[in-house]
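In: coordinates only, sequence not included:
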């Protein structure tokens with residue numbers, strides 16, 4: 001405990017940087033997983049339509065919803081990148 005307090009001026013900033021790096025990595029993993037899952041859903045929707053399991057109307061409605069979600073996610077990622085570059 002005493003050594004932790006003694007070395008805090010040196011280890012504090014390093015620990016802070018490690019924490020920030022971990023948080024950035026967690027957020028990137030979450031966004032990547034969301035994007036990957038949406039693309040998989042889009043592919044499964046296309047497959048269901050090709051096999052005749054859903055109608056063209058239902059396919060178009062669900063496809064539009066998924067594409068809007070993907071677009072929103074990509075816009076959010078671009079916004080986050082532009083904020084981090086400032």
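Out: Everything's here; your move. This one's a predicted model, so the numbers in the text were calculated from it and none came from an experiment.
In: Which strands and helices lie in contact with the helix or strand of the chain with the lowest mean pLDDT?
Out: In the chain, no helix or strand scores lower on mean pLDDT, DSSP states H and E than helix 2-50, which sits at a mean of 83. Under the contact criterion of 3 or more Cβ pairs under 8 Å, 6 or more residues apart in numbering; DSSP states H and E, helix 2-50 touches helix 56-84. Placement of C-beta: from N, CA and C, glycine included.
In: tell me the mean pLDDT over the helix it packs on?
Out: Per-residue pLDDT over helix 56-84 has a mean of 89.
In: so what's the spatially most central residue of the chain up against?
Out: Nearest to the geometric centre of the chain sits residue 31, at 0.5 Å (Cα atoms, centre = their mean). Shown in contact with residue 31 (Cβ atoms under 8 Å, 6 or more residues apart in numbering): 73, 76-77.
In: before we move on, the earlier item: any idea of the angle the least confident helix or strand of the chain forms with helix 56-84?
Out: Relative orientation of helix 2-50 versus helix 56-84 (axes from the mean of the first three to the mean of the last three Cα atoms, to 10 degrees): 150 degrees.
In: starting at the chain centroid, how far to helix 2-50?
Out: Distance of helix 2-50 from its chain centroid, counting by Cα atoms, centre = their mean, to the nearest Å, is 8 Å.
In: picking up where we left off before, would you turn the contacts of residue 31 into CSV with neighbour count and distance to residue 9?
Out: Shown next, in CSV, are these (neighbours: other Cβ atoms under 10 Å; distance: Cβ to Cβ, whole Å):
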residue, neighbour count, distance to residue 9
73, 14, 41
76, 12, 37
77, 15, 36
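In: Need those residues in CSV (columns: distance to residue 25).
Out: Converted to CSV, the contacts of residue 31 look like this (distance: Cβ to Cβ, whole Å):
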residue, distance to residue 25
73, 18
76, 17
77, 15
